[in-house]
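Enquirer: Sequence below, structure please.
(2 chains)
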Protein chains: 2
Amino acid sequence: MSDQGASPTPSAPPPPPTGRPPKVGIRGRASAPFDSSNLDATDMPELEYFVAAGPRGYPPLTEYLDIWDVDMMRGRDQSNKIEHHTNLYQSDNLIVRRGQEFTVKITFNRPYKPNQDKFAVEFVIGSSPQYSKGTYIPVFPTRERQSTWEGRITHTNDNVVTMAITPLANSIVGKYHMYIAVQTPFGIRRTKRDNSRDLYILFNPWVAEDAVFLDDEAERQECVMNEMGIIYHGSYDDVSERNWNYGQFNYGVLEACLYIMDRSEMPLTNRGDPIKVTRKASAMLNARDDDGVLVGNWTGDYTYGVAPTSWTGSTDILLGYASSKMPVCYAQCWVFAAVFNSFLRCLGIPSRVVTNYYSAHDNDGNLKMDIILNDNGSIDRKRTKDSIWNYHCWNECYMSRPDLLPGFGGWQVVDATPQETSDGMYRCGPASVLAIKHGQICFPFDAPFVFAEVNSDVVFYARKNDGTMEPVKLNQTHVGRMILTKAAGSEGCRDLIDQYKFPEGSPEERTVLAKAEEFGCRREKSSPPEADVEVVLPNLEISVGDDLELSVEFSNCSDQKRTVEAYVSGNVVYYTGVSSNEFLFKTPTVTIQAKKSVRELITVQSKDYMDHLVEQANLHFIVTGKIKETGRIVTAMKIIALHNPKLTVELTGSAKVNEEMMATVQFTNPFSFNLEEVYLRMEGAGVMEPKSRYYSLIPGGSSLTWTEMFSPQRTGKTRVIATLDCSALRQVSGQASITINP
Amino acid sequence: MSDQGASPTPSAPPPPPTGRPPKVGIRGRASAPFDSSNLDATDMPELEYFVAAGPRGYPPLTEYLDIWDVDMMRGRDQSNKIEHHTNLYQSDNLIVRRGQEFTVKITFNRPYKPNQDKFAVEFVIGSSPQYSKGTYIPVFPTRERQSTWEGRITHTNDNVVTMAITPLANSIVGKYHMYIAVQTPFGIRRTKRDNSRDLYILFNPWVAEDAVFLDDEAERQECVMNEMGIIYHGSYDDVSERNWNYGQFNYGVLEACLYIMDRSEMPLTNRGDPIKVTRKASAMLNARDDDGVLVGNWTGDYTYGVAPTSWTGSTDILLGYASSKMPVCYAQCWVFAAVFNSFLRCLGIPSRVVTNYYSAHDNDGNLKMDIILNDNGSIDRKRTKDSIWNYHCWNECYMSRPDLLPGFGGWQVVDATPQETSDGMYRCGPASVLAIKHGQICFPFDAPFVFAEVNSDVVFYARKNDGTMEPVKLNQTHVGRMILTKAAGSEGCRDLIDQYKFPEGSPEERTVLAKAEEFGCRREKSSPPEADVEVVLPNLEISVGDDLELSVEFSNCSDQKRTVEAYVSGNVVYYTGVSSNEFLFKTPTVTIQAKKSVRELITVQSKDYMDHLVEQANLHFIVTGKIKETGRIVTAMKIIALHNPKLTVELTGSAKVNEEMMATVQFTNPFSFNLEEVYLRMEGAGVMEPKSRYYSLIPGGSSLTWTEMFSPQRTGKTRVIATLDCSALRQVSGQASITINP
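Expert: Residues are numbered from 1 along each chain as shown, chains lettered A, B, ... in the order given. Down below sits the predicted model:
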């Protein structure tokens, strides 16, 4: 206690507050809020005086040049949109690509006098426009006055001046407001804000100065302009296709893409950099952390949303997110990749969806996927936690990489599917495909993760009673078997595996793996002895509901008799490789004479698996076993993707722009049981908006026909695609191609 | 409509749900939840049979070797804790460092027979222990049985076996449960879970195999073992010190650090990697995104928490976070850095707090800080949005970087203060200091950002009436002037600037800047002509409440007369450089003869600034102006950090362990006004827990004395530090050193 004036209050200091900490402002931290919204905008003042008001107020500025009209030349058929490859966008505003000239027409109140009149076309983005940040850009009609975007007068006709403007090739991508400012000796007079003059600036793969320049017209047509995508799924041995309408030009989609960046609070100043835009978007496309676009769901229960297999395109998802401002339910990997693809193509970044078959997951630079076997050679399901996805979809986008050492530009992996990794931020990439191929995974972003997705080994461990484990088999070729994407300009597919990996067994491949290990990737080092019995499972193409015969072939490569105590396990698995149910378990003992083969026939009846099926109807067969004579382990794995019934889609009518046509979807329930709560969806790029229909019941064996009228909006080749989805039968689809004539 | 059985329901499909999307489970996505909690644990079963139950049930296992007792040898004075440098931790459990042997004593029911008895010491972390993930580690006493952590019996005495165990040098860092498992022919019998046998494993800077190995005992003593820190602040010309008790060994702090990693949901398997641990922690130390430890607040309003200037150490913050599970209010950069430092030292990662003077901020690889001048040469405050922090604190931590090209290990920058950047994830680093020095900023993580913090140029732009701007002056030496840290083993400071930058003007510096530009850093390219008049502001050391005289020197280097139309602006600024109030504005016109100097005297009275002061009481003087004859721009800037009154701390007593002593804090209010709602805080490493006291009023001119009794807990040199804080006067501190004898 003090006796000199100040005395402590007997009561304790006020208790710390509970509950969430209060919101803290920016005062003291920054002189202005960070400009991270394209939607927010401050209007520029109509009058800005240089001089103080005199005794009679401010001098009038009306005697100087006045603006009567501004024509943004934003028609679909006008040269701006055609030359900028933006005429397909369903938008009333002018949309141009950066680094490339566009023209506007300005009508003054009298002929423009170059030596006397001073005006600027001003472009403004965000709420605190700054010249030095590239968010306020005045463009002058003459070279004498400095201007970051070049301006020139191409034509003068009476009161009308045609001005050509070239935005810098690294401009911020987004929506700008446009003003005309006339400079007088006393101040500046500006046009009123007019939303019809708003200008969208996109990335430009057609100009060499842009970081996304792609010098291949066929690839640009595919990876920027094409709306009707094909996404591959199924299994490595039995590839299936999924049609997808990216819808990047549909009404509202561009606004939705800008909203996604606003929602992420991405600073405007970063929105000209495709590296930063794609990285941010890979985080924002999924709802983890940041209330992004899509909620991932692999549970099979989609009661509160749309089943991932049911979507036919991205439009519904993007517009739904932008209007509800809530994450959209539900997605799995191809939905994340497809919507991401729409986002990228819409903004002008060349991109494609790729499918990696046998993709190692949640694998943080660890090049091992562990399968644990019991002492007897059967799988220890309780301890086997890793799963290899039958396939996984991600995106590649094309850009230069000035942030890396030279040579690593080009295609970059980005992935919006949320993964469980150390960085744990549910974002991935951009990672240079070439860097992955060469094991140069020290460069940002997330290259070790992508490297592991295509290069992991499958390690079989035998677990002993005392808890120790010994690697008994190594499969170095299972993972990353094939990487498919739609070929440019055709409906065929292209395998990109040679972009990601050198051939298996080549000296380059060994060098690359060693390089990756230098950068901290961990591999299994032991090389367990090879067994001298080989087990092979057959390729089968089976439809849902069929019985099947699995002929397991055991080949004895040795010159002595071999006896295999085998475990054959049949499982219903998700496409993530996660097992749902074991429907078959057999333990044959197989005796094989020296240098001979034996086939063991396993019969599976449809009733064995039908009740257990989960959405993508994959059956996973695993054979493991121990050779009695040598103690060596044999293994074989095979995914059989059961084929679903198909929808029939028929298009009838004249196939001309604006003339009514009819689409008919037909489906017959092939099962003896009823299908309940069935959704059908249908859409087609440039011809039909997304439509859906709900059937509470489709009785076993019965058929339905759904007819919709539509009017094609533009010419060219396109497709109408339809899906059917219910909890008992997912991923049923159909499509019809059509060429629309003028 | 179909007429073939199935008919669509006339009603529309059920509307999509509104509100937040429901939580989605892992089914289908993964076969087990990701193990990301060190606190969750599943008990290992006491009995685990290899054989099926017989007709009379399971065979009894009791006839085999039985465990009577396990001694973890966890006493503070026992060799485990002394040799592992963990004896200062206030914990009853054994704490060891990885890669280094420790011993336990196991008492059996009879003498151990090596050839017959089989047992394992098992270490288990998390709720789904897996051998292949390093979360289940059985250690055997003999080399014949494979074991990832080496085990050996060092001594056998009757029933007691002393076993030495060496955890791998890359083990997961955290809390392990320990069991002894005896293997019998029929199964395994285990000890019951016993929390007193829990073992903490830390990083180990003392062994070469550990990624955090630091081969310098003086640095290890400072950067791992030292608790009493000094953090530098003030201004470049007038450095001040702040004492801080890191408290990394205090009771509960280690548990709090593990809780932070659990709270971040960091996978256990990543917790052995210092790169991943430090990156994750840099995100978790601030509350942005992830409800991390500290809420940043720079507003001056700390009503709902503790003012950043008031804290004396990290203990209260870490324990508060772990117990409330809520972010703690409030922090500014040195609080983030200090608490991060406690976290790192507590886990065994060598680390230090550094202070960068004139730090460029929120600057995303853009090497420019813009100051906008009006046409007349005065500052345009509305358009000047960038701010340079007087100082900024971050952490360096020491580790190898196998993820980068060779050579970039060593000290790494990590920063927990939330920044506004593209990645926007409020995390930064680890970024190699050597890579920053050499401009090799293509390597992860966030190197371009740190590079900009120390290498940005200050660019003065003149803004013309038409909105265009022209760079008129470039200051390339202002930013990143000095980087101070406490010197190892002394209370002096060390300037690390040569670790970050080559000397200004050297050829190496130019090469480095060019290199950084190759990697996408953007600099101002123009080189505006130099003015031939120099303006210099004086260094001043002033106390709060003093009047001051500012003598501005204008030197004319030309051989002609020069007239400067100058603007002298005095501002109260936050330490972030953000201006709060302009208290002085003068516009002298100064005429200087050829090759002469003129001093312009500006008088500032305390009443001018006293009412405007914000916490750290910095006055920022800026002189700008235009030379009439040449139109060139002159500028000068100076921060004057006003000195606060001090607390007197006196320690009296015998200065022996466990003997009571007295600490007396004295303070006199030097002002004529009252100080209200005043908090005092006091603590001392190893001698006093954090204590605080609240005074509702300290009348002007009056004094207070606060006395606390304490008992030193251990020998050695330490300090007791105290702070006083109220809204009218922040950052008042005092300290007293003491050496405690046995």
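Enquirer: Please make it C-alpha for all contacts and neighbour counts, starting now.
Expert: Noted.
Enquirer: Any buried residues in the worst-scoring helix or strand of chain A on mean pLDDT, and which?
Expert: Sorting the helices and strands of chain A by mean pLDDT, DSSP states H and E puts strand A:47-49 at the bottom, at a mean of 84. For strand A:47-49, burial by neighbour count (16 or more other C-alpha atoms under 10 Å in any protein chain shown) applies to A:Tyr49.
Enquirer: Paired strands for the following helix or strand past it, with orientation please.
Expert: Per DSSP states H and E, the first helix or strand lying C-terminal to strand A:47-49 is strand A:67-71. For strand A:67-71, the paired strands and their directions (DSSP bridges) read strand A:102-108 (antiparallel).
Enquirer: Next, the residues that contact the partner strand from outside, please.
Expert: Strand A:102-108 has contacts (C-alpha atoms under 8 Å, 6 or more residues apart in numbering or on different chains) with A:65-73, A:80, A:96, A:159-166.
Enquirer: and the least confident helix or strand of chain A, how far from the chain's centre?
Expert: Distance of strand A:47-49 from its chain centroid, counting by C-alpha atoms, centre = their mean, to the nearest Å, is 47 Å.
Enquirer: Which strands border it, and is each parallel or antiparallel?
Expert: Here strand A:47-49 has these sheet partners by DSSP bridges: strand A:187-190 (antiparallel).
Enquirer: which bits of the stretch 551-700 of chain A sit near chain B?
Expert: Counting by C-alpha under 8 Å from any C-alpha of the partner chain, the residues of the stretch 551-700 of chain A close to chain B are A:573-574, A:576, A:578-580, A:693-699.
Enquirer: taking those one by one, which sit in strands?
Expert: Residues of those located in strands (DSSP state E): A:Val573, A:Ser579, A:Ser580, A:Arg693, A:Tyr694, A:Tyr695, A:Ser696, A:Leu697, A:Ile698.
Enquirer: what's the farthest-apart pair in these?
Expert: Greatest spatial distance in those: A:Ser579 and A:Arg693, 32.2 Å, computed using C-alpha to C-alpha.
Enquirer: ok, these two, which is more surrounded?
Expert: A:Ser579 (23 against 17; other C-alpha atoms under 10 Å in any protein chain shown).
Enquirer: For that one, which residues are in contact?
Expert: When contacts are counted by C-alpha under 8 Å, 6+ apart, A:Ser579 touches A:Asn571, A:Val572, A:Val573, B:Gly28, B:Ser31.
Enquirer: ditto for A:Cys521
Expert: Each residue near A:Cys521 by C-alpha under 8 Å, 6+ apart is listed here: A:Gly365, A:Asn366, A:Leu367, A:Pro448.
Enquirer: List phi and psi for it.
Expert: Here is the backbone geometry of A:Cys521 (degrees, to the nearest 10): phi -70, psi 140.
Enquirer: ok, it to A:Glu453 distance?
Expert: For A:Cys521, the distance to A:Glu453 (C-alpha to C-alpha, to the nearest Å) stands at 12 Å.
Enquirer: Could you do A:Thr485 as well?
Expert: A:Thr485 is 17 Å from A:Glu453, by C-alpha to C-alpha.
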